[in-house]
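1. structure for the following, please:
(chains A and B)
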2 protein chains.
Amino acid sequence: MDSPFSDRIADVPESFIREILKVAVDPTIISFAGGLPSRDLFPVEGIKNACSKVLDEHGQDVLQYSNTEGYEALRQLISDRYRDKQGLDVPIKNILITNGSQQGLDLLGKTLLNEGDDVVIEEPGYLGAIQAFSVYRARFNSVPVSEEGLDIERLKGVMLSRKPKLLYTVPNFQNPSGISYSEENRIAVAEELKGTSTFLVQDDPYGDLRFAGVEKTSFKKLIPDNTVVLGSFSKIVVPSFRLGWIVAPDALIEKMVIAKQAADLHTNYFSQRVIHQFLLDNDIDSHIADITEVYGRQRAAMIKAIEAHFPKEVTITHPEGGMFLWGMLPDGISSMKLFDIAIKDKVAFVPGHPFYVNRDEVNTFRLNFSSVDEATIETGIARLGRAITQLLAG
Amino acid sequence: MDSPFSDRIADVPESFIREILKVAVDPTIISFAGGLPSRDLFPVEGIKNACSKVLDEHGQDVLQYSNTEGYEALRQLISDRYRDKQGLDVPIKNILITNGSQQGLDLLGKTLLNEGDDVVIEEPGYLGAIQAFSVYRARFNSVPVSEEGLDIERLKGVMLSRKPKLLYTVPNFQNPSGISYSEENRIAVAEELKGTSTFLVQDDPYGDLRFAGVEKTSFKKLIPDNTVVLGSFSKIVVPSFRLGWIVAPDALIEKMVIAKQAADLHTNYFSQRVIHQFLLDNDIDSHIADITEVYGRQRAAMIKAIEAHFPKEVTITHPEGGMFLWGMLPDGISSMKLFDIAIKDKVAFVPGHPFYVNRDEVNTFRLNFSSVDEATIETGIARLGRAITQLLAG
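-> Next comes the predicted model:
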């Protein structure tokens, strides 16, 4: 019998990270594999107070169906924050509340991509984006990223030969590599897109989590007509609410609202009201400062431990924010083989290959520093250093 | 310039109901147009207590990321309820928590439909399903429903000529018509699908809301291998949480989990935990009994008012549950014209045409009785009766 399933679903890569996380549930394993914010920093009392307040004051309202676009007052707070923090003018009609940023990716694929349409993706790039666009049978074009940003020559080539519908970027503290695009790189990227019909997606879940260096210019400022920004409360308030948003030009946001309505009518309205209340009653910038203070210390602890325990042939990125850093083994050394050795010594990480389109063996790997405390980082990195030494000796 | 948008998004019908609801925001309008549960019945205190309890006892846990399939203990409660209420064996591995039933429709389209695949839809049928499957460029085949259920001869014809991927049904208290499939009709429908590769979708948001008659057999019992069931907490607890679920056979549910992960990673986990706590601490059957008591009274008030105020040429359905009933004007009389007259007399409803594929002028209309109290029903139906009389005299 023929497969009853759609062609598109056969194309979606399964999440290797999901499988990795299953291995890492053993509590004696120190895991740098996850992508979780630190649970110790969740504002439990603040959320509890916000729940009680919205239910006491607007009980029936906050439990009823709502509109597809999202709670207007919450979109206004998001708009205000773009103005205050980045000097951006983002009217609320251009903001759609989504079930996390991931849904923004799905809605972009749905509204923009026909089968075979070209999409530019960073290499290494965010697996969730590869999955989301695979559903719509995109053709992927990888452009390498380095500590400077996107490889401009490669981008030029793709823009000329492919006229891509989308360029997907995480310019601030990228997942998986932790790199950020430099100011010059942003300007050069913007220059390539200006006047084209390619949308640049600035996926920005980590943008607020800066613990070093200075804020860079948003693509929304450089090429407003081409830019789509994805934002999220997952890393600055709580992830379980699945509250993100998408900022897009008029014509696109209108299509995305139609797609969102067909996809799930609207995002959980109670949670929108709770987050809104939480933001009114708490100083979010002070809360973000608490988060970045901790992540900055953990990142410093990780780099210090790496310097102490990793063989010198291993290089790493030096993120100025976010939750991840990226390691590079010598050429030809497989990070998947490293994983097999490391897991026996009870330390886990994510081998690099799921972050590439169509590559099986790579020498890179991702380390998460947001969800592991400093002492555990020292122990875990020491174990990983032993595993690398063993592999290189092998 | 070519349209930058995907072909699929151009195919999605906009929600006429959304437009109608915009007209009906004028507070002096009595609206039977909505599809909202009664806000007076929302268990505000119960939800508040559940929020506080999960945050006090599992604060960090309930705010963290979670798994794609959904909270296991909640899926277990759903499974237990299928066993206790309907004698169905539904293992939790076959249950996926979704952002409302609407997301179940999107995931079905995503995992099953290639462009041009045939889908059977009830006529009249649920607009949300038409929208969701339009995104995947389904070819729609309408089969009429009556107070008995699906037209079996028409179904036979479509099954033979089209071999549809999906048959979408709302067999209990259908939206929009309020009708339910008889026991005989279910058996006849099941007979047509048995042994085929067509999935029957039993969308069942209203199944618990029975205020008359006796429970009918689920298609899950009649043709378990072909049946997908969509369930929801929106009508029995609260809608704003957007918590639904899908029950599907092994191979399909596995694909849907992959699609769900690419679509939004997982459903709001905090809300899953709150609903779970609410269900542990409250008697849901007693709460459902309170809802059906009210809806039953309001439905009776509506039928009584219709008998008093509508011209005899207008016929209606007599739902045994749910939230809607369906009116039929004499042949050739447009319910859209009725809408234009009625809105001037400050009463709103939904003209029938959005519930049909490719029909502009129909003589049918939908009335909602769940969200309007008995006195207001009497006043509103009297107004609507005047409008009908005026239209028929016209």
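
2. buried ones in stretch A:126-146, by neighbour count?
-> A:126-138, A:140-143, A:145 (16 or more other CB atoms under 10 Å in any protein chain shown). From N, CA and C alone the C-beta is placed, and that goes for glycine too.

3. just the CA trace of stretch A:381-389, in CSV.
-> Output of stretch A:381-389 as CSV, limited to C-alpha atoms (Å, rounded to 0.1, in the frame of the first residue of the first chain):
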residue,chain,number,x,y,z
ILE,A,381,34.0,20.2,31.6
ALA,A,382,36.8,18.2,33.3
ARG,A,383,35.0,15.0,32.3
LEU,A,384,34.6,16.3,28.7
GLY,A,385,38.2,17.3,28.6
ARG,A,386,39.2,13.7,29.5
ALA,A,387,36.9,12.3,26.8
ILE,A,388,38.5,14.7,24.2
THR,A,389,42.0,13.7,25.3
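
4. OK, contacts around residue A:58?
-> residue A:273 (CB atoms under 8 Å, 6 or more residues apart in numbering or on different chains).

5. the same query, at a cut-off of 10 Å, please.
-> A:64, A:273, A:277, B:44 (CB atoms under 10 Å, 6 or more residues apart in numbering or on different chains).

6. pull the most distant pair out of those residues.
-> A:64 and A:277 (16.5 Å; CB to CB).

7. buried ones among the contacts of residue A:58?
-> A:64, A:273, A:277, B:44.

8. ok, so of these, who is nearest residue B:239?
-> residue A:64 (6.1 Å).

9. that closest one and residue B:273, how far apart?
-> Computed as CB to CB, to the nearest Å, the residue A:64 to residue B:273 distance reads 21 Å.

10. now the residue of the stretch 51-200 of chain A found nearest chain B: which helix or strand?
-> Per CB to the nearest CB, residue A:59 is where the stretch 51-200 of chain A lies closest to chain B, at 3.6 Å. Element membership of residue A:59 [criterion: DSSP states H and E] is helix A:44-63.

11. for the helix or strand following that helix, enumerate the helices and strands it packs against.
-> Next along the chain after helix A:44-63, taking DSSP H and E as the criterion, comes helix A:72-86. Applying 3 or more CB pairs under 10 Å, 6 or more residues apart in numbering or on different chains; DSSP states H and E, we find helix A:72-86 packed against strand A:95-99, helix A:219-222, strand A:227-232, strand A:243-247, helix A:269-281, helix A:284-309.

12. switch to 8 Å and redo it
-> strand A:95-99, helix A:219-222, strand A:243-247, helix A:269-281 (3 or more CB pairs under 8 Å, 6 or more residues apart in numbering or on different chains; DSSP states H and E).

13. could you check the angle that helix makes with strand A:227-232?
-> Angle, helix A:72-86 to strand A:227-232, by axes from the mean of the first three to the mean of the last three CA atoms, to 10 degrees: 110 degrees.

14. can I get helix A:72-86 in PDB, CA atoms only?
-> Provided in PDB are the C-alpha atoms of helix A:72-86 (Å, rounded to 0.1, in the frame of the first residue of the first chain):
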ATOM      1  CA  GLU A  72      -3.800  44.400  22.500                       C
ATOM      2  CA  ALA A  73      -2.300  45.700  25.700                       C
ATOM      3  CA  LEU A  74       0.400  43.000  25.600                       C
ATOM      4  CA  ARG A  75       1.200  43.900  22.000                       C
ATOM      5  CA  GLN A  76       1.400  47.600  23.100                       C
ATOM      6  CA  LEU A  77       4.000  46.700  25.800                       C
ATOM      7  CA  ILE A  78       6.000  44.900  23.200                       C
ATOM      8  CA  SER A  79       5.800  47.800  20.900                       C
ATOM      9  CA  ASP A  80       6.800  50.200  23.700                       C
ATOM     10  CA  ARG A  81       9.800  48.100  24.500                       C
ATOM     11  CA  TYR A  82      11.000  48.100  20.900                       C
ATOM     12  CA  ARG A  83      10.800  51.900  21.000                       C
ATOM     13  CA  ASP A  84      12.400  52.300  24.400                       C
ATOM     14  CA  LYS A  85      15.200  49.700  24.000                       C
ATOM     15  CA  GLN A  86      16.000  49.800  20.300                       C
END
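
15. run the chain-centre distance for that helix.
-> 20 Å (CA atoms, centre = their mean, to the nearest Å).

16. CSV please, covering the helices and strands packed on helix A:72-86 and showing mean pLDDT and distance to residue A:193.
-> Putting the helices and strands packed on helix A:72-86 into CSV (pLDDT from 0 to 100; distance: least, CB to CB, whole Å) gives the following:
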stretch, mean pLDDT, distance to residue A:193
strand A:95-99, 98, 22
helix A:219-222, 98, 8
strand A:243-247, 98, 16
helix A:269-281, 98, 32
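
17. how about the helices in the stretch 51-200 of chain A?
-> All helices of the stretch 51-200 of chain A, identified by DSSP state H, counting those that start in this stretch, fall at A:72-86, A:100-112, A:127-134, A:152-162, A:183-193.

18. of the ones you listed, which stretch is the most buried?
-> helix A:100-112 (a mean of 28; mean count of other CB atoms under 10 Å in any protein chain shown).

19. quick one: that one near chain B?
-> Yes: applying CB under 8 Å from any CB of the partner chain, one finds helix A:100-112 in contact with chain B at A:100, A:102-103, A:106, A:110-112.

20. quick check: angle from that helix to strand A:95-99?
-> 110 degrees.

21. average model confidence for helix A:100-112?
-> Averaged across helix A:100-112, the pLDDT comes to 97.

22. so which elements touch it?
-> strand A:95-99, helix A:127-134, strand A:199-203, strand A:227-232, strand A:243-247, helix A:250-264, helix B:7-10, helix B:250-264.

23. try it again with 6 Å
-> helix A:127-134, strand A:227-232, strand A:243-247, helix A:250-264, helix B:250-264 (3 or more CB pairs under 6 Å, 6 or more residues apart in numbering or on different chains; DSSP states H and E).

24. then the last one to PDB, C-alphas only?
-> It stands for helix B:250-264. Taking C-alpha atoms only, helix B:250-264 is exported to PDB below (Å, rounded to 0.1, in the frame of the first residue of the first chain):
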ATOM      1  CA  ASP B 250       0.000   4.700  16.200                       C
ATOM      2  CA  ALA B 251       1.600   5.500  12.800                       C
ATOM      3  CA  LEU B 252      -0.400   8.700  12.500                       C
ATOM      4  CA  ILE B 253       0.100  10.000  16.000                       C
ATOM      5  CA  GLU B 254       3.900   9.500  15.500                       C
ATOM      6  CA  LYS B 255       3.800  11.700  12.400                       C
ATOM      7  CA  MET B 256       1.600  14.300  14.200                       C
ATOM      8  CA  VAL B 257       4.100  14.500  17.100                       C
ATOM      9  CA  ILE B 258       6.800  15.400  14.500                       C
ATOM     10  CA  ALA B 259       4.600  17.900  12.900                       C
ATOM     11  CA  LYS B 260       3.600  19.400  16.300                       C
ATOM     12  CA  GLN B 261       7.200  19.800  17.300                       C
ATOM     13  CA  ALA B 262       8.000  21.700  14.000                       C
ATOM     14  CA  ALA B 263       4.800  23.800  14.500                       C
ATOM     15  CA  ASP B 264       5.300  25.000  18.100                       C
END
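
25. gap between that helix and the chain center?
-> 22 Å.

26. I'd like to know how many residues surround the nearest residue to residue A:197 once chain neighbours are set aside.
-> Distance criterion CB to CB, 6 or more residues apart in numbering or on different chains; nearest residue to residue A:197, sequence neighbours excluded, is residue B:4 at 5.3 Å. For residue B:4, the neighbour count with other CB atoms under 10 Å in any protein chain shown is 14.

27. correct me, but residue B:4 touches residue A:199?
-> No: between residue B:4 and residue A:199 there is no contact, the gap being 7.7 Å when judged by CB atoms under 6 Å.

28. re earlier: where's the residue nearest to residue A:197, which helix or strand?
-> Residue B:4 belongs to no helix or strand when elements are defined using DSSP H and E.
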